[in-house]
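J.: Just the structure for this:
(2 chains)
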Amino acid sequence: MKELPKNFDHAEAEPRIYAAQEEAGLFKPQGEGDPYSIVIPPPNVTGSLHVGHALNNTLQDILCRYQRRKGRKVLWQYGVDHAGIATQMVVERQMAERQEPHRRDIGRDAFVQKVWDWKAESGGMIKNQLKRLGASLDWSRERFTMDEGLSAAVRKVFVQLYGEGLIYRDKRLVNWDPKFQTAISDLEVENNEVNGKMWHFAYPLVDGEVDGIKEIVIATTRPETMLGDGAVAVHPDDERYTNLIGKKVRLPIVDREISIIADEYPDPELGTGAVKITGAHDFNDFEVAKRHDIPLIVLMDEEARMMSTEENNVPERFHEMDRFEARKLVVQEIEAMGLLRGIEDKLIMQPFGDRSGVVIEPMLTDQWYVDAKTLAVPAVEAVRSGKTKFVPENWSKTYYNWMDNIEPWCISRQLWWGHRIPVWYGPDGTPFCAEDEASAHRLATEHYGGEAVELAQDSDVLDTWFSSALWPFSTLGWPEETDELKAFYPTAVLSTAFDIIFFWVARMMMMAMHFQKEVPFETVYIHAIVRDENGQKMSKSKGNVVDPLEYMDEFGADPLRFTLAAQATQGRDLSLSKQRVEGYRNFRTKLWNASRFLQMKEAPITDEAFDPEALKLPLNRWIAHEASAMTASVAKALDGFRFDEAASAIYQFAWGTFCDWYLELSKPVFDGGSAEEQAETRLVMGQTLRTILVTLEPFMPFVTREIYEAMAEGSSLEEQSWPTSDFSDEKAAAEVQAAVDLISEIRSARTEVNVPVGAKLTLVALDAPEEAKTILANQSGAIGRLARIETFEHASEAPKGSIQIVSRGTTYALPVADVIDLGAEVARLDKAIGKTEGELKKANGKLSNERFVQNAPAEVVAEERSRVEKFSEELEQLNTAKARLEAL
RNA sequence: GCUUCCGUAGCUCAGCGGUAGAGCACUCGCUUCACACGCGAGUGGUCACUGGUUCGAUCCCAGUCGGAAGCACCA
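T.: You can find the predicted model right below:
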């Protein structure tokens, strides 16, 4: 044994241990066991570790380390994604800060090179942070979505889906981010409530009055879009407007005639019941416009500035005007024309780009789409049939809900950083989709009858999620048929927060089912959201973001990990508080000190053959019995993703059972036991510590390894397999438990009656049955030391001036003579009597209910009968004790 | 509006048909030879409310109230 220092220095030990393990190749797949794999949800290349990562990676690490102990050949696949918008934004910002030319000035290739340079320098910061956390990822297999291999996978998938008609080009409205000047997905749009206004504008009827009406009033929150109105719609059943349907109105400012049409879309209850239809700038209007063949009039350019063109008829004075300025001007002009009919204040939902923070504009553009509806069918079926399971199960509803309402997936982005769309256009715009330019040329040559032509590649790139949707198999080498793919696909678990079910899980499921004909993972484990200690969602704007690195600095990675695991309950968010982390730091210290105690008693972790059946001392048989129960329950908990239950089972056993009782009860063995008993106890101590360390290692990989190193003779923690002892000895367990109970009751009585802590007492067992006598004899050392009993006696009558306690049917008297506080003792007995009476009454009540006796299962009734018996006896003894006391 | 989830000790949360639990906090005591980041002993709960099912409900069902989240919509 190497002597453990008085304290564990996490700041020194953790990096040292991690480096040694990485060096030793322990994080790579080991051995010949049944493969087990997890792919990390790829962090953004721009990302740094936040508590969500800390939680998710702690849980994955626990699973991986646990499976390694169980002999599985584990691959935990690492990698990051290229985060199209985020990364381009970061690099552009950096260029601006350095006052370098804008990307448009340096051109596409130079800019992309700059991004690669940035990545080499500052990308993947999260890697070292994950190492600090102790994540046992296989770093040697690191992948990046823009790697050559993964890019090849992307091209292959695109080309195949295109060939199958599952990728197509279409002109539709998209969410346009005017800041980044690209389409973004619905999921990157945040809808926020803002204070807005609703303006009422009158559009005059062209042919004069109809039934006394000369105008129709529409309401809008976005006046600038009226310049592109193609119609006014009313509900066909809205009697106010029936006579106006088919009439024309004159659109002010642009001075254009548009029709009043009937459509189911307007809700007569809302606004004025008449809706302006701006097909090119509103998702709902777009649908209406399509139904009625209403022209789509585009008003804005890529920066969401107004345009004045021949097609849109917008007056020249609006040209290149910001959309919000245009709004003011439109209102002004309408008012000047006397057509403003009202302004209301209104809370409106406005879409914002989650990264740019600017108002998103619906824009009519050409984009590439994936036919998600078709791909979703097998992906849904895989979950319905149970091939992939959600844990907790109820998240599958969210998944179905999303999948059942899935929209075409817009995969093109007007960015420079990302996978370029593998489509080339001929001089007449004919698209040729191929995995590389040469193949595109072959297709083109064939198409144009042997003539070689110039081709221009589509300038857009693919949505980042397009490449990360392939992650579970592209990281394993696909489209190559690699050994890894064969061994590790499908993966065992995907662990993630619920907010990514749509973003990612759904898309991985679709791509995997289509290209592998096999699910990407057997289980989707959805973990909680980490909130602050007040249960508030963490956000930068609230300033309540907890930095996991700070906790690691202060307490080390082990306590943070244990805290996260212990709080990772299913179906509930977790609140992370410093106090909690501190508490588990204390647990680590407790274990450390217990190990130092073992060293003091010269009880190392040995490789000696250990057969619990051969143990002699009930104490040792008891702890072996408890230890095997603990390891079984931890395994069961982990198999069911109950990290909280697993953590608490270890904590309970290590502190509550091993330290508080076993080590204390071992002390009298070392005081007065035989040499054999001491040797046996040393052996069992070491074995039990080994069990604790092995089961705790997935949760606290650092301190467990440090202790094991120091305590073990000739073995290392990493070569231990998961303890699977099914040893059990109810008799020994009952005996030790009886002693533990008696000690507790004596301690409790002593305190309540104010017996001085140091006073050594005599314990008199009153008419004890044989069984109790045996236990008393076997456990006198333990009881003597822990309950401060000097002598043990047997009698039929309690000595005068005794505290009396009833434990497991036997009355024990503790003569304390003058020390006794008579009033306190009577109160104590009264309390016990009251409690027992209550229980007795409840049990009797049940048994006197005929229907209970008739209907309840026999064993429940029997249990209740034995409770009555037990409580009656106990009550009698307590009453006798009280009578005795009062007779004094 | 639709769909989830949650109301259990002061706090954070387990439990989920048959004796209410943990950690922290709190109170009292303790230099007991591993540990004061500790040891020992305690205090603290009509398990949100109302009905129903059941021999029996914190647990199942329905509703009410309170809180959170996601999705959709708001001209």
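
J.: C-alpha from now on. contacts and neighbour counts both.
T.: OK.

J.: Quickly note the distance from A:G212 to A:N243.
T.: 11 Å (C-alpha to C-alpha, to the nearest Å).

J.: Spell out which helix or strand contains the residue lying closest to A:A183 once chain neighbours are set aside, please.
T.: Sequence neighbours aside, A:W176 is the residue nearest to A:A183 in space, at 4.6 Å (criterion: C-alpha to C-alpha, 6 or more residues apart in numbering). Element membership for A:W176, per DSSP states H and E: strand A:167-177.

J.: Show me what the mean pLDDT comes to for stretch A:6-14.
T.: The average pLDDT for stretch A:6-14 rounds to 94.

J.: thinking again about what came up before, quick check: beta-bridge partners of the residue nearest to A:A183?
T.: A:A183, A:E361 (DSSP bridges).

J.: Surely it is in contact with A:V189?
T.: No. The pair A:W176 / A:V189 is not scored as a contact, 9.8 Å apart, by C-alpha atoms under 8 Å.

J.: between these two, what contacts are shared?
T.: Shared contacts of A:W176 and A:V189 (C-alpha atoms under 8 Å, 6 or more residues apart in numbering): A:I360.

J.: ok, the two, which is more surrounded?
T.: A:W176 (26 against 21; other C-alpha atoms under 10 Å).

J.: A:G212 and A:N243 - which one has more neighbours?
T.: More crowded of A:G212 and A:N243, by other C-alpha under 10 Å: A:N243, with 12 against 7.

J.: mind checking the SS state of the more buried one?
T.: Three-state assignment for A:N243 (DSSP: H, G, I helix; E, B strand; the rest coil): helix.

J.: what about the longest helix in chain A?
T.: Criterion DSSP state H: the longest helix present in chain A is helix A:858-886.

J.: Is that helix in proximity to RNA strand B?
T.: Yes. Helix A:858-886 lies within reach of RNA strand B by C-alpha under 7 Å from any atom of the strand, at A:V860.

J.: Okay, buried residues for that helix please.
T.: Across helix A:858-886, burial judged by 16 or more other C-alpha atoms under 10 Å covers A:861, A:864-865, A:867-868, A:871-875, A:877-879, A:881-882, A:884-885.

J.: can you list the weak-confidence ranges in chain A?
T.: A:532-544, A:571-572, A:817-820, A:888 (pLDDT under 70).

J.: number of nearby residues for the closest residue to RNA strand B within it?
T.: Of all residues in chain A, the one sitting closest to RNA strand B is A:T220 (2.2 Å; C-alpha to the nearest atom of the strand). By other C-alpha under 10 Å, the residues close to A:T220 number 19.

J.: Whatever helix or strand A:Y400 lives in packs against which elements?
T.: Element membership of A:Y400, judged by DSSP H and E, is helix A:395-404. With contacts taken as 3 or more C-alpha pairs under 8 Å, 6 or more residues apart in numbering; DSSP states H and E, helix A:395-404 sits against helix A:372-384.

J.: touching RNA strand B at all, whichever helix or strand comes after the helix holding A:Y400?
T.: Following helix A:395-404 in sequence order, the next helix or strand is strand A:409-410 (DSSP H and E). No. Interface with RNA strand B: strand A:409-410 contributes nothing (C-alpha under 7 Å from any atom of the strand), its closest point being 12.5 Å away.

J.: Report all helices and strands that strand A:409-410 contacts.
T.: For strand A:409-410, the packing partners by 3+ C-alpha pairs under 8 Å, 6+ apart are strand A:361-370.
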